[in-house]
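In: Would you be able to build a 3D model of this:
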Amino acid sequence: QIQLVESGGGLVQAGGSLRLSCAASARTFSSYVVTWFRQAPGKEREFVAGIRWSGGTTYYADSAKGRFTISLDNAKNTVYLHLNSLKPEDTAVYYCAARRSIVIDTTTATRYPYWGQGTQVTVSS
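Out: Coordinates of the predicted model:
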């Protein structure tokens, strides 16, 4: 059983930055992909970024390219999402999710069986 615990959300002004963390518990993540999704009030959950644990290949949604960076720390079993140049429209609950896969082959939330509880990011204008 994999457990994911997010942290690092908060209230920030437009143009500011945050670093979200997703601490993962498992014997090994070498065959997993870990992703970040977000869900704003009244909207569907949307893919933000993903990383392949083995090799570190990354993939970003268009809305995240150039502003967000996903990274991982193998020693800490933690995946990070660095949020820069934040905009009010980035306000959402951010979730990390994982699935067993050697490639980032889907951005569909329902294909990910493991989820954290989410962390709120609020960007004020």
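
In: contacts, neighbours, all on C-alpha from now
Out: OK.

In: Can you pull out the low-pLDDT segments for this structure?
Out: Applying pLDDT under 70 to the chain picks out residues 27.

In: Quick test: name the residue nearest the centre of this structure.
Out: The chain has W36 as the residue nearest its centroid, 2.1 Å off, counting by Cα atoms, centre = their mean.

In: Which neighbouring residues are in contact with it, exactly?
Out: By Cα atoms under 8 Å, 6 or more residues apart in numbering, W36 lies in contact with 47-50, 81, 94-97.

In: So which residues of the protein form helices?
Out: Taking DSSP state H as the criterion, the chain carries no helices.

In: Leaving out the residues flanking it, which one is nearest to the residue nearest to the centre of the chain?
Out: C96 (4.4 Å; Cα to Cα, 6 or more residues apart in numbering).

In: R52 now?
Out: R52 sits nearest to V33 (Cα to Cα, 6+ apart), 4.5 Å away.

In: Is it correct that that neighbour is in contact with T107?
Out: No - if you go by Cα atoms under 8 Å, V33 and T107 don't touch, sitting 10.9 Å apart.

In: List the buried residues in stretch 58-71.
Out: Using 16 or more other Cα atoms under 10 Å as the test for burial, stretch 58-71 gives 58-60, 64, 68-71.

In: Can you tell me which of these is closest to P88?
Out: Of all those, A64 has the smallest distance to P88: 13.7 Å, by Cα to Cα.

In: Hmm, that closest one is touching A49, no?
Out: Yes - taking Cα under 8 Å as the definition, A64 is a contact partner of A49 at 7.3 Å.

In: got the residue ranges for the strands in the chain?
Out: 3-7, 10-13, 18-25, 32-39, 46-52, 58-60, 68-73, 78-83, 92-100, 114-115, 119-124 (DSSP state E).

In: got the angle for the first one vs strand 18-25?
Out: In other words, strand 3-7. Angle, strand 3-7 to strand 18-25, by axes from the mean of the first three to the mean of the last three Cα atoms, to 10 degrees: 160 degrees.

In: please begin residue numbering at 6 from this point
Out: That works, and once the first residue is 6, the last one we named lands at strand 8-12.

In: rewinding a little: list the contacts of the residue nearest to R57.
Out: V38 touches 55-58, 103-109, counting by Cα under 8 Å, 6+ apart.
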